[in-house]
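Enquirer: task: produce atomic coordinates for the following.
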Amino acid sequence: MAAGASPAQDQDNSTDDHPVLDMLPNWPQQTIAVLVTTDPAPHAIPVSWPVRAGDRRILLSLKFDRGSLARLRERPEVALLILGGGDVALCARGTATVIAEGMPDAPEYVAVRIDVEVIDDHRQSAFAVADGIQRTVLDPSELHALEGRVEKLRAWAKDQN
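Expert: Predicted structure coming up:
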């Protein structure tokens with residue numbers, strides 16, 4: 001499924017009355033997503049720059065002391081809402097697994113893989129997601145650290161394909 005295709009093109013693929021995608025589209029690197037974990041109540045947090053690691057796999061980094069990390073270790077079923085430029089509007093639902101307890105050059109972060117089972121297509125014909133969630137970098141060193149983590153996640157994604 002190509003990013004930017006109309007929702008009508010995906011109506012053949014659905015669960016109940018909701019359209020789904022066969023594979024993850026591409027999204028801009030600087031996309032901010034929302035990770036939902038449960039305990040059993042849902043908890044949602046923003047996550048920076050999730051990496052598409054295949055048609056049904058996403059990698060992301062989480063700080064080791066996040067409550068969401070503890071919750072996904074206990075209940076690995078998660079959802080990741082992605083609203084990104086190029087009209088990407090989806091919720092990837094699947095199972096999260098910690099693949100590295102400390103990332104190279106960022107030991108306070110763990111790497112998480114989401115094996116996606118269902119990709120809910122939330123695009124609508126009445127509007128398009130133009131830019132997704134935007135933010136302003138206030139600390140250049142944090143931006144540099146994030147870029148390094150994402151570079152490592154992208155390298156791992158290539159190794160897994």
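Enquirer: now for Arg113: which residues touch it?
Expert: Ala53, Arg57, Ile58, Leu59, Ala96, Thr97, Ile99 (CB atoms under 8 Å, 6 or more residues apart in numbering). C-beta coordinates here come from the backbone N, C-alpha and C atoms, glycine included.
Enquirer: switch to 7 Å and redo it
Expert: Each residue near Arg113 by CB atoms under 7 Å, 6 or more residues apart in numbering is listed here: Arg57, Leu59, Thr97, Ile99.
Enquirer: which one of those is nearest Asp39?
Expert: Thr97 (17.8 Å; CB to CB).
Enquirer: in contact with that closest one, which residues?
Expert: If you count contacts by CB under 7 Å, 6+ apart, Thr97 has them with Pro76, Val112, Arg113.
Enquirer: Glu151: helix or strand, and which one exactly?
Expert: Per DSSP states H and E: Glu151 is located in helix 140-160.
Enquirer: not counting that helix itself, show me its contacts.
Expert: Contact partners of helix 140-160, identified using CB under 7 Å, 6+ apart, comprise 29, 48-49, 51, 53-54, 59, 61, 103-106, 109, 111, 137.
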